[in-house]
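K.L.:
Task: produce atomic coordinates for the following.
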Amino acid sequence: MTSDLRTTTPPATRRIGAVLLWILALAPSLYYLVELPNFGRIPYNDYHQVLYDLTMEDGFQTDLLTWLTIRSNEHHVTLPSLVYLGNYLLTGGDNRGHSVVTLLLILGSLLLLHSWLPRDLRRRWLPHLAVTLLLSIVLFNPVQSHNIVLGFSGVMWMLSNFLAISAMTLVWKSSRDSPRRLTLAILLGVGGALTYSSNLTLWPALLVGALRRRLPVRQWGALLATTAAVYWFYAATFVRASSSPPLEKDVTAIVRFFYAYLGSLLSIDKSTAITLGAAGLLASVITGILVLRRSPPTTSIEFDATPWLMLWIYAFGNALGTAIGRSGFADIGIGMAFSSRYANLSCLFWLSWMVPAVVLLLRWRQERPYVRAATALAITVLLVSLGLALFERGDPKYRDLLLRANAQPLAALAARHHLPEEDFYTSVTKWPWGFQRVMNRLETLHHIPFDRPPETRYAALIDVERLEILPKKRLEGRLVRTETHPDVYLIEGWLHATDLPPVRRVLFLDPEHRVRGFAFPRSDIEIDDDDRDIPKERRRQVSQVRWLGMARPRGVEPLSAWVQFEGQEALVRLRRVRFDVPAAEVQQDPEDPSSPEPSPPPEPLEAQ
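P.N.:
Numbers count the residues shown, from 1 in each chain. Modelled structure (predicted):
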């Protein structure tokens, strides 16, 4: 790779080149940005546990000690809780606010890692673009989509990483003459200790960094004393969550989990992930030896590997700690290593040695044209293959999370009606009781989803032109459950068709084409054989979707069911499903229902 921007290039041209470089380098972030509006408004999972502990019946806790000791499972989460409070004040608690903060923290981490690159590399446009793009592809990887879509999780993990990388940067730039940067690094590390337990492995990394920088004994001693204090604090206040397994003692299980944790970034297959993890560790050791031999820490050098070594220790320590603490799940075992949320740390492990390796490659005999050409080809292949591997590994999980977010309107409406049926809330949390426990406090705070009245999604009119009365694709289905609740009816069923596209939702319309109910696909259960009235010989030829929803009719007119597919505005009639009021009995529709009268254009249906 040759230099495109020289020191003799006019300043205006350099500025244009820098802007173009960052536009290209940040392209991977569009993977999340384009879908950000579809991440769902209601926060997910453990957020509701944290919010319950931070609130009272009439508002937020005012006791400072409560905020300082707040936990999520075993983790101290004081700083993430402050982010949650700020997001509530700004957005009413919108999950997408958490996602924005998470993406900004990833961007901040990218900028810090970018500052570790050699200055002379940053003067050469193509090599600079290649390495920056490598950072961006890995940091914005799809495998960690859990942390971005479920923004509360990303605030914890990414804030911890950002504080850790910031502290490493300060230690790397510390001087023997002034302790200011080291002092600030220590303060950031203490903040990280109140952010998430993953920050515990920062301290060994900082100690090694201080040794390589040959800081004075007084500075290094202060860092060592703070390290001891942080570990004492964690040990003294540690409380094991009831859902956590005991520490694993089987060395073989720990090693297998450790390798799978590192390799899970690139493969979902257990054997492949273990192999990749072992190969990645070996490659990191070889790269480290080569780089450190060329990187004396106290001289003016071309490339200083000290920050990358600290990053490697941080990521390595988290992989080992997670293997010891999480491989003991009897029902999951090594499968826990493939959790989407862990990818934010395994990606740092790969970057900690891949970036120095690429820099080494870019510095090896680049005066020879054939070497430059081979280097350019190798780096291009690396970027393309890495991007494709990360996409193939992470995109299915990302799509599942978007499907889960798509069903949030059902949970929002059920919450506003205080319905006790737990199935309504599976799109929001794996533990519906935790969400139901905090609902009264959410309503008092006017926290999402209690920021809008329940009626906002009802009575919208559907234009007759959107209705496929006699569709080309034959959709059939059946109601399998109806339950009466105050003001609303719970309805559950399934539909099937040949070559069924992704289902977005099912709408229940009255004879005037007003929306009186809706349902969303359920991905958490399978259709039992008892629920099928499809001949066995046809079951392999059709696709089936289970759905759950509610209806709130006005009057006694029967409601017809209509299916909307992803990416389509048209609604397709679901045959053999009709909801009668008030008895809520299921009756068979005629094979060719008559066309209803036209209605005015529809009102928006997207508000929750």
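K.L.:
So which residues of this protein form strands?
P.N.:
Here the chain has its strands, by DSSP state E, at 55-56, 59-60, 71-72, 75-76, 467-468, 476-485, 488-497, 503-509, 515-522, 543-551, 559-565, 571-579.
K.L.:
what's the first one in contact with?
P.N.:
By CB atoms under 8 Å, 6 or more residues apart in numbering, the residues outside strand 55-56 that reach it are 61, 438, 441, 445. Using the backbone N, CA and C atoms, a C-beta is placed for each residue, glycine as well.
K.L.:
taking the mean pLDDT, what do you get for stretch 49-62?
P.N.:
Mean pLDDT, computed over stretch 49-62, is 90.
K.L.:
and what of stretch 12-23?
P.N.:
In the prediction, stretch 12-23 has an average pLDDT of 86.
K.L.:
do stretch 424-440 as well
P.N.:
Stretch 424-440 shows a mean pLDDT of 87.
K.L.:
end to end, how far does it reach?
P.N.:
17 Å (CA to CA, to the nearest Å).
K.L.:
Using CSV, please lay out the strands of the chain together with distance to A229 and mean neighbour count.
P.N.:
CSV is the format used below for the strands of the chain (distance: least, CB to CB, whole Å; neighbours: other CB atoms under 10 Å):
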stretch, distance to A229, mean neighbour count
strand 55-56, 31, 16
strand 59-60, 29, 12
strand 71-72, 19, 18
strand 75-76, 14, 21
strand 467-468, 68, 18
strand 476-485, 54, 15
strand 488-497, 54, 22
strand 503-509, 53, 23
strand 515-522, 49, 23
strand 543-551, 51, 21
strand 559-565, 57, 24
strand 571-579, 63, 22
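K.L.:
Now distance to A27 too, for these, in CSV please.
P.N.:
Formatted as CSV, the strands of the chain follow (distance: least, CB to CB, whole Å):
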stretch, distance to A27
strand 55-56, 40
strand 59-60, 40
strand 71-72, 33
strand 75-76, 33
strand 467-468, 38
strand 476-485, 42
strand 488-497, 37
strand 503-509, 28
strand 515-522, 31
strand 543-551, 34
strand 559-565, 29
strand 571-579, 36
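K.L.:
any weak-confidence spans in the stretch 401-550 of the chain?
P.N.:
For the stretch 401-550 of the chain, applying pLDDT under 70 flags the ranges 453-459, 469-474, 485-487, 498, 523-543.
K.L.:
let me fix that: the stretch 151-300 of the chain
P.N.:
241-245, 248, 294-300.
K.L.:
For it, which segments are assigned as helices?
P.N.:
Here the stretch 151-300 of the chain has its helices, by DSSP state H, counting those that start in this stretch, at 151-172, 180-193, 202-212, 217-237, 251-263, 270-293.
K.L.:
Show me how far the third one is from its chain's centre.
P.N.:
Here helix 202-212 shows a centroid-to-chain-centroid distance of 29 Å under the convention CA atoms, centre = their mean, to the nearest Å.
K.L.:
contact partners of it?
P.N.:
The contact list for helix 202-212, computed with CB under 8 Å, 6+ apart, reads 163-164, 167-168, 171-172, 174, 182, 185, 189, 192, 219-220, 223-224, 226-227, 230-231, 297, 306-307, 309-311, 313-314, 317.
K.L.:
Make a PyMOL selection of the buried ones in those residues.
P.N.:
This is the PyMOL syntax for the buried subset of the contacts of helix 202-212, where burial follows 16 or more other CB atoms under 10 Å:
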select buried, resi 163+164+167+168+171+172+174+182+185+189+192+219+220+223+226+227+230+297+306+307+309+310+311+313+314+317
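K.L.:
For L495, see how far away the residue lying closest to A497 once chain neighbours are set aside is.
P.N.:
Among residues not flanking A497 along the chain, L475 sits closest, at 4.9 Å (CB to CB, 6 or more residues apart in numbering). As defined by CB to CB, to the nearest Å, L475 lies at a distance of 6 Å from L495.
K.L.:
Quickly list what's touching both of these two.
P.N.:
With CB under 8 Å, 6+ apart, L475 and L495 have common neighbours 563, 574.
K.L.:
separation between L479 and A551?
P.N.:
11 Å.
K.L.:
swap that for M439, please
P.N.:
To A551, M439 is 22 Å away according to CB to CB.
K.L.:
L401 too?
P.N.:
Counting by CB to CB - L401 and A551 are separated by 27 Å.
K.L.:
before we move on, what about L117?
P.N.:
Per CB to CB, L117 is found 59 Å from A551.
K.L.:
just L290 next, same as before
P.N.:
67 Å.
K.L.:
now G221
P.N.:
Distance from G221 to A551, by CB to CB: 69 Å.
K.L.:
What of S271?
P.N.:
For S271, the distance to A551 - CB to CB - is 48 Å.
K.L.:
quick one, what contacts A130?
P.N.:
1, 358, 362, 379-380, 383.
K.L.:
Ok, A415 next?
P.N.:
424-425, 435, 439, 442, 449-450.
K.L.:
Can you lay out these as CSV showing neighbour count?
P.N.:
Compiled in CSV, those are given as follows (neighbours: other CB atoms under 10 Å):
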residue, neighbour count
F424, 25
Y425, 25
F435, 27
M439, 18
L442, 23
P449, 23
F450, 20
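K.L.:
And those residues, which is closest to G328?
P.N.:
Taking CB to CB as the measure, F435 is the one of these closest to G328, at 27.7 Å.
K.L.:
so that closest one touches F424, yeah?
P.N.:
No - using CB atoms under 8 Å, F435 is not in contact with F424; the gap is 9.7 Å.
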